[in-house]
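curious how this folds, go ahead:
(chains A and B)
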Amino acid sequence: MNWMPGFNTRPTAAIIPSPRWLTVLCRATPRQSAPALPRFDFPAGVSWQTPVELGRAFAAFLGEHGVEARAIGAVALPADWLALRATMLPPTDDSRLLPGLIEFAADDLFAERLDELALTFQVAEVSKAEAPAAGASAQESGTGVPGGAGASIFACHRSRLDELQAMLTAAGINARFIVPLAAAVAQGLKLPSESLLLLQCGDIAELAVIEAGRVTWLSSLDLPAGQPEKWATALARLAMSLPTNGHRRLLALTDPAVARVAAQALHVELVAPVAQDGQAASARDSDEALATIAAQVFRARAAGLNFLTRRGPRSTRDWRLIVKRSALAALLVLALLGWFAYDWVNVRHQAAASQAQLDEMAHDAAMLTQIKAFTDATDPWSAARPDHLQALMALTSQFPEDGVIWLSSCEMEEGGRITLLGKARSRTAVLTLLANLESSGQFDHIAPSYVRQQSGGGGGASGGGGGDGQVTFAATCRHRQGVTP
Amino acid sequence: MSMSKRERLILLAVLVIAGLFLADRWLLSPLWESYQGDVNRAGRLQGEVFQTQTLLRHRREIETTWRQRQEAGVASEVSLAESQLLNRLEQWAGEARLSVSSMKPEREPVKKGAIVQRVRCRMIVGGNMESVARFCHRLETADFPVRLELMQFSSVDSRKDGLTVQFVVSTVCLVPPATTVAARSNKQGLPG
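Here you go, the predicted model:
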């Protein structure tokens, strides 16, 4: 039971795009035969120039026919979408060099810039007679091109692929494989060398020349619907453009009637195609032909024939590369761990060495620490005594000399704080004293606590005058040099 | 049970994340904390070594200072310090021609953890300004540990030069280790 609808859906269908319609290829499954879907003709006003609208319309079409978008896993591109160039590759026994060689060759073979094209390729198998003995074994394992074999390079404009992918995205299709149709079918079928392959999708047929398992020539033609008498003419015209006439066998995945007409028009023997797994892949009608084509398209996925990605790491060499890189990464991690462990051991050694040094100095250090504590504690009685005498001299030097102020009490504390109590002939005399203290620069925090007019007139201070009468006062200040260090 | 490629991918991602989480929780974080603890400990010990070496480099100066203090008369007993202070104050007052009205020694209780004990003497003297200044000078230039904490003048008569001065003078003595321990024990309520 599928608890998550669509989550576990296995792709069972592919699509073939064309300028005006899409053909859905459904693969037959063990449980059911391939359902036949009608061709999806583009609605009015929708084309490849409007891929989002096209995708939505296609999604609606799939929904109407009960096909989930997730079921579509591949796109097979017909000849109209492709450019094919056959070339020879220099000999190499390293499969990792193949993409570079292909790009180098494609740069010469195609007029467009390489960044405008998406490429995929088929490499021809080389017979042992043609290849050196050592290289032949490498070729058998699929790891390289030891004898300098031929390659077929398929190119598709990236702009067209972008349109296609935009349409697929809008339709909710997650197709991870976009393959050349003829090459995919040729890859999936066991084809004899020097043979022709004819595929039919609706009114369009595609003829390919297969040499040594790869497609070396490709063309398409329209088969006018309901006019079989014109098929022979069209096929004969196509036969004239074939590069050689040495082909004697035709494998047709078409309606049987078309296959017969094609064999006659091309003057070749019609043979039944056989799949790589040995099963017969002949078609009794056009729907069965499409299902057979779909099966080959899905087989081609495994061969790495894909415009979207490079070939996967399937060869032993690639796996060795992965193992080497993993080993390097593991070595790097081990080196980091080793450095970490080394640093940790060093830190612990440093701590142990410091502890040993401290233990060695502990006795002397404890004694000196105690002595220093004693000297620090006795400093205020020996080295940092408050300078009361200097404070007293500084204070008396600021008094007015004419005897207008008479102190009744003066208190000097440890921190240099001085409290003055006394009488004065006038308020002005007190203010003069405070101003003198301020201007001397030896005192700060100067603040009068009070200055009061003395009741009853005459008091301790002799004489009178001053204008405002005798006052009592209190003031505080701090002697700067008397501060305990 | 067969799983699709996407399910396998999700399962793999979950396993990798869970593995990283568990590795961090049980292996990486404890290791890192232990490493950081060792680094901090090594740094702290190196700082202590530096401080101790600095202290040992100043060994001569510290010992010289201490020897000078001992020679100057830092007493090791309270009674000794008290009698030394009273004798000196009486001597300096006599030399300065101050008349001593009262002299009252006070012992400050030993504080917790203190290594010295303060001994105070509150004295009231009479004299003129010149005598007071001379007495102050002797206090400030004394060769044994003494400190004038408070000096309070009050005039006797505004027409005369007579002053009454109250001095609070203190000295210090070392606290024997046993006393320190006893003081600590009393504070903490432990048996002495």
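
how much space separates the one residue sitting closest to the centre of chain B from B:T141?
Geometric centre of chain B, nearest residue: B:A114, 7.1 Å, by Cα atoms, centre = their mean. Note on B:A114: its distance to B:T141, by Cβ to Cβ, to the nearest Å, is 27 Å. C-beta coordinates here come from the backbone N, C-alpha and C atoms, glycine included.

so, low pLDDT: which residues of chain B?
Chain B contains residues with pLDDT under 70 at B:1-2, B:156-160, B:177-192.

which ones are touching the nearest residue to the residue nearest to the centre of chain B once chain neighbours are set aside?
Nearest non-adjacent residue to B:A114, counting by Cβ to Cβ, 6 or more residues apart in numbering or on different chains: B:V175, 6.1 Å away. Contact analysis of B:V175 by Cβ atoms under 8 Å, 6 or more residues apart in numbering or on different chains lists B:V110, B:A114, B:I115, B:V116, B:Q117, B:A183.

ok, and the most crowded of the residues you listed?
Neighbour counts for those, by other Cβ atoms under 10 Å in any protein chain shown, peak at B:Q117, which reaches 24 neighbours.

from what I see, it and B:R107 are in contact.
Yes - judged on Cβ atoms under 8 Å, B:Q117 makes contact with B:R107 at a distance of 7.3 Å.

which neighbours do the two share?
The contact sets of B:Q117 and B:R107 overlap at B:V78 (Cβ under 8 Å, 6+ apart).

got phi/psi on A:L119?
With angles defined as degrees, to the nearest 10, A:L119 sits at phi -120, psi 150.

how many neighbours does it have?
18.

what sits against it?
A:L119 makes contact with A:I102, A:E103, A:A106, A:I153, A:F154, A:A155, A:F307, according to Cβ under 8 Å, 6+ apart.

filter these down to the ones in helices?
Counting by DSSP state H, the part of those found in helices is A:I102, A:E103, A:A106.

please look at the first one and A:F121 and confirm they touch.
Just to be clear, that refers to A:I102. Yes - the pair A:I102 / A:F121 is scored as a contact, 5.0 Å apart, by Cβ under 8 Å.

what do the two both touch?
A:A151, A:I153.

higher neighbour count, these two?
A:F121 (25 against 19).

now do the buried residues in the helix or strand hosting B:R88.
Assessed by DSSP states H and E, B:R88 sits inside helix B:78-95. Within helix B:78-95, the residues scored as buried using 16 or more other Cβ atoms under 10 Å in any protein chain shown are B:V78, B:A81, B:E82, B:Q84, B:L85, B:L86, B:R88, B:L89, B:W92, B:A93.

could those be laid out in CSV, adding distance to chain A?
As requested, the buried residues of helix B:78-95 are exported to CSV (distance: Cβ to the nearest Cβ, whole Å):
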residue, distance to chain A
B:V78, 14
B:A81, 10
B:E82, 14
B:Q84, 12
B:L85, 11
B:L86, 16
B:R88, 13
B:L89, 14
B:W92, 13
B:A93, 16
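
of those residues, closest to A:L290?
Using Cβ to Cβ, B:V78 is the member of those that lies nearest A:L290, at 117.2 Å.

wait, doesn't that closest one sit right on B:T171?
No - counting by Cβ under 8 Å, B:V78 stays clear of B:T171, with 10.1 Å between them.

need the overlap of contacts for those two.
B:V119.

where does A:L196 land on pLDDT?
Residue-level confidence at A:L196 comes out at 85, pLDDT.

separation between it and A:W217?
In terms of Cβ to Cβ, A:L196 sits 9 Å off from A:W217.

who has more neighbours, the two?
It is A:L196, of A:L196 and A:W217, that has more neighbours when counted by other Cβ under 10 Å, with 24 against 18.

quick one: that one is in a strand?
Yes - the assignment for A:L196 is a strand, going by DSSP: H, G, I helix; E, B strand; the rest coil.

can you pull the contacts of it?
Counted by Cβ under 8 Å, 6+ apart, A:L196 has contacts A:L207, A:A208, A:V209, A:I210, A:L242, A:H247, A:R249, A:L250, A:L251, A:L266, A:V268.

excluding its backbone neighbours, what's nearest A:F340?
Using Cβ to Cβ, 6+ apart, the closest residue to A:F340 is B:Y35 (7.6 Å).

identify the residues contacting that neighbour.
B:Y35 touches A:F340, A:W344, A:V347, counting by Cβ under 8 Å, 6+ apart.

pLDDT below threshold where in the stretch 301-450 of chain A?
In the stretch 301-450 of chain A (pLDDT under 70), the answer is A:301-304, A:309-318, A:384.

and the strands in it, which stretches?
Assigned by DSSP state E, counting those that start in this stretch, the strands in the stretch 301-450 of chain A fall at A:405-413, A:417-424, A:443-453.

give me the contact list for the last one.
Residues from elsewhere that reach strand A:443-453 (Cβ under 8 Å, 6+ apart): A:394-395, A:417-418, A:427, A:430, A:434, A:437-438, A:468-480.

so which of these are in helices?
A:A394, A:L395, A:R427, A:V430, A:L434, A:L437, A:E438.

identify the farthest-apart pair in these.
Farthest pair in those, by Cβ to Cβ: A:A394 and A:R427, 23.8 Å.

just the buried members of the contacts of B:Y35?
Applying 16+ other Cβ under 10 Å to the contacts of B:Y35 flags A:V347 as buried.

one step back: need the residues touching each of A:L196 and A:W217.
A:A208, A:V209, A:L242.

if you rank those by neighbours, which is first?
A:A208 (27 neighbours).

that residue pairs with what?
A:A208 has these beta-bridge partners by DSSP bridges: A:L197, A:L218.

could you do A:L117 as well?
Beta-bridge partners of A:L117, as defined by DSSP bridges: A:H157.
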